[in-house]
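Colleague: With the sequence up front, the predicted model follows.
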Amino acid sequence: MGNPIVIEPSPIVMKLDGYDLSSGVVFNNLERYSIDESYPWYGAHSTAVNQCNGAKISLTPGEENTLRAPDEYSAFVIPNDSTLWMRSGGRPL
């Protein structure tokens with residue numbers, strides 16, 4: 001509502017076999033997508049709404065049949081003076 005900033009620019013680190021894929025790599029393809037859906041829900045509101053924009057990024061990290069151990073570290077930078085409510089494991093924190 002009113003286009004406030006809800007997440008500041010934030011790092012996303014993607015590692016594969018210990019190699020940092022998110023630093024100094026060239027991506028093959030970028031596919032943007034958006035979701036705008038609603039569905040019945042139980043609770044305070046009878047309808048849940050899912051609206052988002054996303055991107056799928058393709059890259060080629062080495063030989064096709066090599067076993068790999070992917071890992072991902074993301075951080076979300078919340079603007080100062082924000083009110084934050086989140087749930088973990090179905091219980092409020």
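Modeller: Structure's in. What do you need?

Colleague: rest of the way, CA atoms for contacts and neighbours
Modeller: Noted.

Colleague: For Glu72, give the beta-bridge partners.
Modeller: Assessed by DSSP bridges, Glu72 has beta-bridge partners Met14.

Colleague: That one: neighbour count?
Modeller: 12 (other CA atoms under 10 Å).

Colleague: Need the three-state assignment for the most far-flung residue of the chain relative to its centre.
Modeller: In the chain, the greatest distance from the average C-alpha position (CA atoms, centre = their mean) is reached by Asn65, at 27.1 Å. Of the three states, Asn65 takes coil under DSSP: H, G, I helix; E, B strand; the rest coil.

Colleague: what's it sitting at in phi/psi?
Modeller: For Asn65, the backbone dihedrals are phi -100, psi 10 (criterion: degrees, to the nearest 10).

Colleague: what residues are up against it?
Modeller: Residues in contact with Asn65 (CA atoms under 8 Å, 6 or more residues apart in numbering): none are found.

Colleague: Which parts of the chain are strands?
Modeller: 12-16, 19-20, 29-40, 47-58, 70-74, 87-88, 91-92 (DSSP state E).

Colleague: closest to Gly2 out of these?
Modeller: strand 47-58 (15.6 Å; CA to CA).

Colleague: Can you list the helices and strands that that closest one packs against?
Modeller: Judged by 3 or more CA pairs under 8 Å, 6 or more residues apart in numbering; DSSP states H and E, the packing partners of strand 47-58 are strand 29-40.

Colleague: what about this structure, any weak spots by pLDDT?
Modeller: Scanning the chain for pLDDT under 70 picks out the ranges 1, 24-25, 60-63, 86-93.

Colleague: So what's the residue count around the closest residue to Leu30 other than its chain neighbours?
Modeller: Leaving aside its sequence neighbours, Leu30 sits nearest to Ile57 (CA to CA, 6 or more residues apart in numbering; 4.8 Å). The number of residues packed near Ile57 is 11, by other CA under 10 Å.
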